[in-house]
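# Okay, sequence plus prediction incoming.
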Amino acid sequence: MDKDLLSSQDIARICQIIRSAGDAVVEEYSKDFSPADLKEDRSPLTQADLRSNSIIEEGMKSLSVQYPYVSEENLEIPAKERQNLETYWLVDPLDGTREFINRNGEFAICIALVHKSKAVAGFVFAPTAQELCLAIKNKGAFIEKGGLRTKLKTSPFDPGQEKLRFAVSRSHPSPDINSYIEKFENPIYKTKGSILKMIEITKGSIDIYPRFDQKTKEWDIAAGQIILEEAGGSVIHSETQEPISYNKTTLNNPPFIASANPI
């Protein structure tokens, strides 16, 4: 990553911001909340999404270098203008809103820095587990919990081996994914919500996360991608075998495969 994109002070500040957003989400999670509103695309929206987004957006104003802010809850930049941006924040203030509503704890807050169509910094905070994962391009990936910071490293595998562990979406089941997984030898299915599927790959509890329905958005995976890449894994377009890139005409991701193996 270009050395001037983020200072060490800014990185520390972002960690504080995402934890503060997590505190707000936990506060909302503890309440008796009503069914969520629906956005135009029929996806749910809760007070937790809005509070988290507000905290992050306001917090970013305190950084030493300012970049445009693109968020799931704040799409004010037209596509043509957005595609001219070289560097910008890409934020999902609550990834896994359905998991939040269903109260299974499998949701997270995602902040990525995109530079020249690539995710170059990523921060993922899981509020219920109080786990913060972060990565800066060419500087490794780490997990912080209980005051300790540990380096993340994937566990590579042989695609021909038995009992590979596959992450499947809790809220978005897919027959295409099942067909793909069944080609492997005695695969093991592991259901998980949100970006935490990618995070589990960095922790060694999942080997592969395939997603082919093209329903995820750029902000859903950008932070997870750079964390996984810096931990030794990959997130590739399932057809071109190239790393996923960002700032496309459409914010929908192409079919992809996240894996503990490098490209």
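Yes, it's here. Just so you know, these numbers come straight off a predicted model, no measurement behind them.
# For the protein, just list every one of the helices.
Using DSSP state H, the helices of the chain run over 8-29, 47-60, 79-82, 97-102, 175-181, 196-202, 218-230.
# ok, of these, where does mean pLDDT dip lowest?
The minimum mean pLDDT among these belongs to helix 79-82 (a mean of 85).
# Pull it out as CSV, backbone CA atoms only.
Coordinates of each C-alpha in helix 79-82 appear next as CSV, following Å, rounded to 0.1, in the frame of the first residue of the first chain:
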residue,chain,number,x,y,z
ALA,A,79,-21.9,5.8,-9.8
LYS,A,80,-20.1,7.9,-12.5
GLU,A,81,-18.5,10.1,-9.8
ARG,A,82,-17.7,7.1,-7.6
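# on contacts alone, who are the packing partners of it?
Counting contacts by 3 or more CB pairs under 8 Å, 6 or more residues apart in numbering; DSSP states H and E, helix 79-82 packs against no other helix or strand. (Each C-beta comes from the backbone N, C-alpha and C, glycine too.)
# Please list the residues outside that helix that contact it.
Here helix 79-82 makes contact (CB atoms under 8 Å, 6 or more residues apart in numbering) with P68, V70, Y88, N247, T249.
# Neighbour-wise, give me the winner out of those.
Neighbour counts for the contacts of helix 79-82, by other CB atoms under 10 Å, peak at V70, which reaches 22 neighbours.
# Was I right to think it contacts W219?
Yes: V70 is in contact with W219 according to CB atoms under 8 Å; the separation is 7.4 Å.
# Give the residues shared as contacts by those two.
Common neighbours of V70 and W219 (CB under 8 Å, 6+ apart) are L90, V91.
# about what we covered before: what is the nearest of the contacts of helix 79-82 to I199?
Relative to I199, the closest of the contacts of helix 79-82 is V70; by CB to CB it sits at 21.8 Å.
# what bridges to that closest one?
Taking DSSP bridges as the rule, V70 bridges to L90.
# Tell me the confidence at it?
For V70, pLDDT reads 94.
# ok, and the closest non-adjacent residue to R170?
Closest residue to R170 apart from its sequence neighbours, by CB to CB, 6 or more residues apart in numbering: G193 at 4.4 Å.
# Please apply the same query to S20.
Nearest residue to S20 in three dimensions, chain neighbours excluded: I55, at 5.4 Å (CB to CB, 6+ apart).
# ditto for T97
P44 (4.8 Å).
# Count residues in the vicinity of the one you found, would you?
15.
# Also A231?
25.
# Do I have it right that it meets T154?
Yes: between A231 and T154 a contact is recorded at 5.0 Å, counting by CB under 8 Å.
# tell me, what's touching these two both at once?
I201, T202.
# The residue nearest to R170 against G96, yeah?
Yes: using CB under 8 Å, G193 is in contact with G96, at 4.6 Å.
# circling back: let's have the helices of the chain in JSON lines, adding mean neighbour count and distance to A129.
Output for those, formatted as JSON lines (neighbours: other CB atoms under 10 Å; distance: least, CB to CB, whole Å):
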{"stretch": "helix 8-29", "mean neighbour count": "17", "distance to A129": "10"}
{"stretch": "helix 47-60", "mean neighbour count": "20", "distance to A129": "16"}
{"stretch": "helix 79-82", "mean neighbour count": "12", "distance to A129": "32"}
{"stretch": "helix 97-102", "mean neighbour count": "20", "distance to A129": "13"}
{"stretch": "helix 175-181", "mean neighbour count": "14", "distance to A129": "25"}
{"stretch": "helix 196-202", "mean neighbour count": "26", "distance to A129": "9"}
{"stretch": "helix 218-230", "mean neighbour count": "28", "distance to A129": "15"}
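# Appreciated, that's everything.
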